[in-house]
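Enquirer: Fold the stuff below for me.
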Amino acid sequence: MKIGLIQQANSPDIEKNKQGLKNKIREVVKQGAQLVVMQELHNSLYFCQIENPDIFDLAETIPGPSTDEFGTLAKELGVVIVLSLFERRAPGLYHNTAVVIEKDGTIAGKYRKMHIPDDPAYYEKFYFTPGDLGFKPIETSLGKLGVLVCWDQWYPEAARLMAMAGADLLIYPTAIGWESTDTDDEKSRQLGAWVISQRGHAVANGLHVVSVNRTGYEPDPSGQTNGISFWGNSFVAGPQGEILWQGANDKEEIQVIEIDIKRSETVRRMWPFFRDRRIDHFGDLTKRFID
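Expert: Alright, predicted model coming up:
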């Protein structure tokens, strides 16, 4: 499978952002991409730096304008595309939702972000209701895609459940970066932890991991912080955690990477973690904490 990764810096102009994505999709398809993955909430700026009720106007239905627009492109190019959208489910009910568009332009399935952060400059709980679709891979013509979103990438349980449900690879659209007052050492630790965690999911589950982050600086509209410098570093890891490609932290990039899905079974035969799991003693994982 050839996968096209699109790491983009966004502006306040949504139409300009979408046109940039479309141009990049065409470019990676010219390079042979069969599957295209973009960053979290790719149409707009990362609006969760502030809590503003007017921003709910950015949300859209699924199906809706973006699924129609990118669906038309997917059908034209014969490519599977992973979208990341601000979903308006009902008045007052919104989700952070990934949508997989099949190469015939139809919606193959969707995943609603399960883990919702609420940290300074990442006020997502104000906007997003936690997902209710579970950790279920989306069946496509290319295989079963284990699509998760950003904050989900810190949770080994999410990756494990996707793998247990038969995912052929794990995909993480992401929006994460640095606050300018962090020291260089702290920035290095944060980025390292982000990469290590996802490489760990690859190893523990014997699956490829595709993580696509945005790049570029986005100011805090409230002026309370110094904004976010999104750290890019989109990457693909193999089922032993090996880095197959990693992008820069400070510029837009597109890349096409070819992976061998069948390699997962080869690795799992050598490292039979699923065989040796002590599921008879894992019940406490359903508890918040063991006192």
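Enquirer: What separation do you get for the most centrally placed residue in the chain and Gly64?
Expert: In the chain, the centroid-proximal residue (C-alpha atoms, centre = their mean) is Pro173; its distance is 1.6 Å. Note on Pro173: its distance to Gly64, by C-beta to C-beta, to the nearest Å, is 18 Å. In short, each C-beta sits where N, CA and C put it, glycine included.
Enquirer: would you list every one of the helices in the protein?
Expert: Secondary structure of the chain, counting by DSSP state H: helices at 14-30, 65-77, 156-164, 184-205, 263-270, 273-276.
Enquirer: Please identify the deepest-packed of those helices.
Expert: helix 156-164 (a mean of 20; mean count of other C-beta atoms under 10 Å).
Enquirer: between that helix and helix 263-270, how big is the angle?
Expert: Interaxial angle of helix 156-164 relative to helix 263-270 (axes from the mean of the first three to the mean of the last three C-alpha atoms, to 10 degrees): 110 degrees.
Enquirer: who touches helix 156-164?
Expert: With contact meaning C-beta atoms under 8 Å, 6 or more residues apart in numbering, helix 156-164 is reached by 114-115, 134-137, 146, 148, 152-153, 170, 200-201, 204-207, 274, 285.
Enquirer: Among these, name the buried ones.
Expert: Buried subset of these (neighbour count, 16 or more other C-beta atoms under 10 Å): 114-115, 135-137, 146, 148, 152-153, 170, 201, 204-207.
Enquirer: pull the longest strand from the chain.
Expert: Ranked by residue count, the top strand of the chain under DSSP state E comes out as strand 80-90.
Enquirer: Run the chain-centre distance for it.
Expert: 12 Å (C-alpha atoms, centre = their mean, to the nearest Å).
Enquirer: Quick check: buried residues in it?
Expert: Buried, per 16+ other C-beta under 10 Å, within strand 80-90: 80-88.
Enquirer: Using PDB, write down the CA coordinates of that strand.
Expert: Backbone C-alpha positions of strand 80-90 (Å, rounded to 0.1, in the frame of the first residue of the first chain) are rendered in PDB as follows:
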ATOM      1  CA  VAL A  80      -9.000   6.600  -0.300                       C
ATOM      2  CA  ILE A  81      -8.900   9.800   1.800                       C
ATOM      3  CA  VAL A  82      -8.900  10.200   5.600                       C
ATOM      4  CA  LEU A  83     -10.700  13.400   6.600                       C
ATOM      5  CA  SER A  84     -10.700  15.100  10.000                       C
ATOM      6  CA  LEU A  85     -13.700  17.300  10.600                       C
ATOM      7  CA  PHE A  86     -15.600  19.300  13.200                       C
ATOM      8  CA  GLU A  87     -18.900  17.400  13.100                       C
ATOM      9  CA  ARG A  88     -22.300  19.000  13.900                       C
ATOM     10  CA  ARG A  89     -24.400  16.100  15.000                       C
ATOM     11  CA  ALA A  90     -27.300  18.000  16.400                       C
END
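Enquirer: That strand to helix 65-77, inter-axis angle?
Expert: Using the same axes, to 10 degrees: strand 80-90 against helix 65-77 is 160 degrees.
Enquirer: model confidence over strand 80-90, on average?
Expert: Averaged across strand 80-90, the pLDDT comes to 98.
Enquirer: Figure out which of the helices of the chain is closest to Ala248.
Expert: Closest of these to Ala248 is helix 184-205, at 12.0 Å (criterion: C-beta to C-beta).
Enquirer: Centre of the chain to that closest one, how far?
Expert: The answer for helix 184-205 is 15 Å, by C-alpha atoms, centre = their mean.
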